[in-house]
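[1] pasting the sequence and the predicted model now:
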Amino acid sequence: MPNNNKIPRNMYDTIIIGAGCAGLGAAMYAGRLNLKTLMIGDNIGGTIALTDVVENYPGFIRLTGQELADNLRKHAEDYNIEKAEAKVTKIRIEHGCFFVETNENKTYETKTIIFATGTEWRKLNIPGEAEFANKGVHYCALCDGVIYKGKTVAVVGGGDSAAKEALLMSQYANKVYILVRGDKLRGEPINNDRVAANQKIEVITKASGKQIVGNKIVTGIVLDKTVNGSTTLKLDAVFVAIGHIALSQLVKEIGVKTNEKGEVIIDHQSKTNISGFFAAGDVTDTDFKQAITGVSEGVTAAHSAYTYINENEFVCPMGNEDLMVKVRKRKK
Amino acid sequence: MVKSEHTTKSKKSTNVKIYTTTTCPWCMKTKEFLKAHNVKYQEVNVGEDEKARNEMFEKSGQFGVPVTDVNGTIIVGYDKEALKKALAL
């Protein structure tokens, strides 16, 4: 006879979607709290692995992004968690629980979700950008920068990421321009100082790219101002570092609230407007997005999921115990 | 040309060449994938080797790494599904 208190045998306490800093932090803590945990991500380690040097993660004076990603992964794996290297294609909510579908045609069921998908690079959306993608237009200096050894390149962007990309590129290129739309470079002071002291780097302010030009490969960028007597700046490559876009399309479909930038709105417990659905990291609406803040939100989300599970009962309808789950508030 | 060769036991006789840079995380993931499936490969570092860089561009028409050449099938980036298909895994 079906037991109406039975939990479906393959049901997870929490599924973490995303395997970057926030997801790995959440996985470590969920494992530590003995939650039956599955972490799904098509890029275990996340975008921090694309950062050359990390100097602002407490406890580590200086390490590479890859080393930090590896450390976070090993720490999470030290607990009893499951991982799936896959891409989530759909999330469904039924009877207060969640179903997660992947590109490997698998469906997982869970009491809670920790959403930590992160971001993707924002594009310039100017003519030539798509045409010359990877033919001189790049988004990762750590990956492709060394190819431009001895060349002239530009980094487009006005924030700390642009400053760091330019500093990395100065190790390879002979000349690095930073094209800033605003009136000054807005990196962290330590990186602004490094840029100012670097003989290879030249910051051009109040400059916007209008078109990337080339012949099979990039030869320059057309600006909205004159530089060195021309509106076309001759280059071998353009590295784009103008920020990121939240990867939140999956949650919009299930009614999770996002702000005008598409970032998932969370509170101090990493809760969203949907019960049992938590979010962490760069995909959220927090202002300051760093590896350490993402990890913090992930850990908080894991604890909130643990609390939520303990405060609610998960029971199966009669005769359908492997498929359907209802949730109700636990009696105190 | 700077070369290195992964020499673990291989079940495959496929000719695989991977174009990488030293610091590229996607290159590392691609190599881990090949090793996990016991695929023997030749690696060339396009950050150090201009000839290899030009060869990669001739094959793929672009400068992004990694590029994997599986018996003439060119795969740009870390693309597990494309690798599985090309390697018949």
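    Right, received. Where do you want to start?

[2] ok, the spatially most central residue of chain B - contacts?
    Centroid-nearest residue in chain B, with Cα atoms, centre = their mean: B:I18, separated by 1.9 Å. Contacts for B:I18 (Cβ atoms under 8 Å, 6 or more residues apart in numbering or on different chains) come out as B:C27, B:T30, B:K31, B:L34, B:Y41, B:Q42, B:E43, B:V44, B:P66, B:V67, B:T68, B:D69. (Glycine included, C-beta is placed from N, CA and C.)

[3] just among these, which is most surrounded?
    B:T68 (29 neighbours; other Cβ atoms under 10 Å in any protein chain shown).

[4] burial count for the nearest residue to that one once chain neighbours are set aside?
    Among residues not flanking B:T68 along the chain, B:I75 sits closest, at 4.4 Å (Cβ to Cβ, 6 or more residues apart in numbering or on different chains). Using other Cβ under 10 Å, B:I75 has 22 other residues around it.

[5] which element is B:I75 on?
    strand B:73-76 (DSSP states H and E).

[6] where along chain A do the helices fall?
    A:21-32, A:65-77, A:141-144, A:160-169, A:189-197, A:249-252, A:291-311 (DSSP state H).

[7] dump these to a markdown table, plus distance to chain B, mean pLDDT and mean neighbour count.
    What follows is the helices of chain A, written out as a markdown table (distance: least, Cβ to the nearest Cβ, whole Å; pLDDT from 0 to 100; neighbours: other Cβ atoms under 10 Å in any protein chain shown):
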| stretch | distance to chain B | mean pLDDT | mean neighbour count |
| --- | --- | --- | --- |
| helix A:21-32 | 14 | 98 | 30 |
| helix A:65-77 | 6 | 96 | 20 |
| helix A:141-144 | 4 | 90 | 25 |
| helix A:160-169 | 9 | 96 | 25 |
| helix A:189-197 | 19 | 97 | 14 |
| helix A:249-252 | 20 | 94 | 16 |
| helix A:291-311 | 15 | 97 | 22 |
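
[8] for these, give me JSON lines that also has distance to A:K90.
    Below are the helices of chain A laid out as JSON lines (distance: least, Cβ to Cβ, whole Å):
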{"stretch": "helix A:21-32", "distance to A:K90": "18"}
{"stretch": "helix A:65-77", "distance to A:K90": "25"}
{"stretch": "helix A:141-144", "distance to A:K90": "30"}
{"stretch": "helix A:160-169", "distance to A:K90": "31"}
{"stretch": "helix A:189-197", "distance to A:K90": "40"}
{"stretch": "helix A:249-252", "distance to A:K90": "7"}
{"stretch": "helix A:291-311", "distance to A:K90": "20"}
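
[9] can you check which of those helices gets nearest to A:D224?
    Closest to A:D224 of these, according to Cβ to Cβ: helix A:160-169, at 17.7 Å.

[10] and B:M56, how far is that from chain A?
    When Cβ to the nearest Cβ, to the nearest Å is the yardstick, B:M56 and chain A sit 9 Å from each other.

[11] hmm, A:E55 is touching A:L68, no?
    No - using Cβ atoms under 8 Å as the test, A:E55 is too far from A:L68 to be in contact (10.7 Å).

[12] returning to that earlier point: out of the contacts of B:I18, which comes closest to chain A?
    Nearest to chain A among those is B:C27, at 7.7 Å by Cβ to the nearest Cβ.

[13] what about stretch A:102-121, how long is it end to end?
    Terminal residues of stretch A:102-121 lie 23 Å apart, using Cα to Cα, to the nearest Å.

[14] give the other helices and strands that the strand holding B:I75 contacts.
    helix B:50-60, strand B:67-70, helix B:80-87 (3 or more Cβ pairs under 8 Å, 6 or more residues apart in numbering or on different chains; DSSP states H and E).

[15] just the CA atoms of that strand, as PDB, please.
    The C-alpha trace of strand B:73-76 is given here as PDB (Å, rounded to 0.1, in the frame of the first residue of the first chain):
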ATOM      1  CA  THR B  73      36.800  17.600 -38.000                       C
ATOM      2  CA  ILE B  74      37.500  21.000 -36.400                       C
ATOM      3  CA  ILE B  75      36.000  21.700 -33.100                       C
ATOM      4  CA  VAL B  76      36.300  25.300 -31.700                       C
END
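
[16] return the distance of that strand from the chain's centre.
    Mean-position distance between strand B:73-76 and its chain equals 9 Å (Cα atoms, centre = their mean, to the nearest Å).

[17] same deal with stretch B:24-44?
    Its chain's C-alpha centre and that of stretch B:24-44 lie 7 Å apart, by Cα atoms, centre = their mean.

[18] could you give the mean pLDDT of that stretch?
    The pLDDT scores in stretch B:24-44 average 93.

[19] does that stretch reach chain A?
    Yes - using Cβ under 8 Å from any Cβ of the partner chain, we find that stretch B:24-44 touches chain A at B:C24, B:P25, B:W26, B:C27, B:M28.

[20] surely the second one and A:G45 touch.
    So the one you mean is B:P25. Yes - if you go by Cβ under 8 Å, B:P25 and A:G45 touch, sitting 7.0 Å apart.

[21] which neighbours do those two have in common?
    In contact with both B:P25 and A:G45: A:Q66, A:A69, using Cβ under 8 Å, 6+ apart.

[22] give me the neighbour count for A:Q199.
    7.

[23] what's the spacing between it and A:N174?
    For A:Q199, the distance to A:N174 equals 10 Å [Cβ to Cβ, to the nearest Å].

[24] and A:V213, by the same measure?
    20 Å.

[25] between the two, who's got more neighbours?
    Higher neighbour count among A:V213 and A:N174: A:V213, with 19 against 13, using other Cβ under 10 Å.

[26] what's the burial count for whatever residue of the stretch 151-300 of chain A ends up closest to chain B?
    Chain B sits closest to A:I217 of the stretch 151-300 of chain A, with a gap of 7.5 Å, by Cβ to the nearest Cβ. Applying other Cβ under 10 Å, we find 16 residues neighbouring A:I217.

[27] please apply the same query to A:F239.
    27.

[28] hmm, it is touching A:Y139, no?
    Yes - contact between A:F239 and A:Y139 holds when scored by Cβ under 8 Å: they sit 7.1 Å apart.

[29] which regions of the chain lie under the pLDDT threshold?
    Since no chain was named, I'll use chain A. For chain A, applying pLDDT under 70 flags the ranges A:1-9, A:316-328, A:330-332.

[30] that was the other one, I meant chain B.
    B:1-13.
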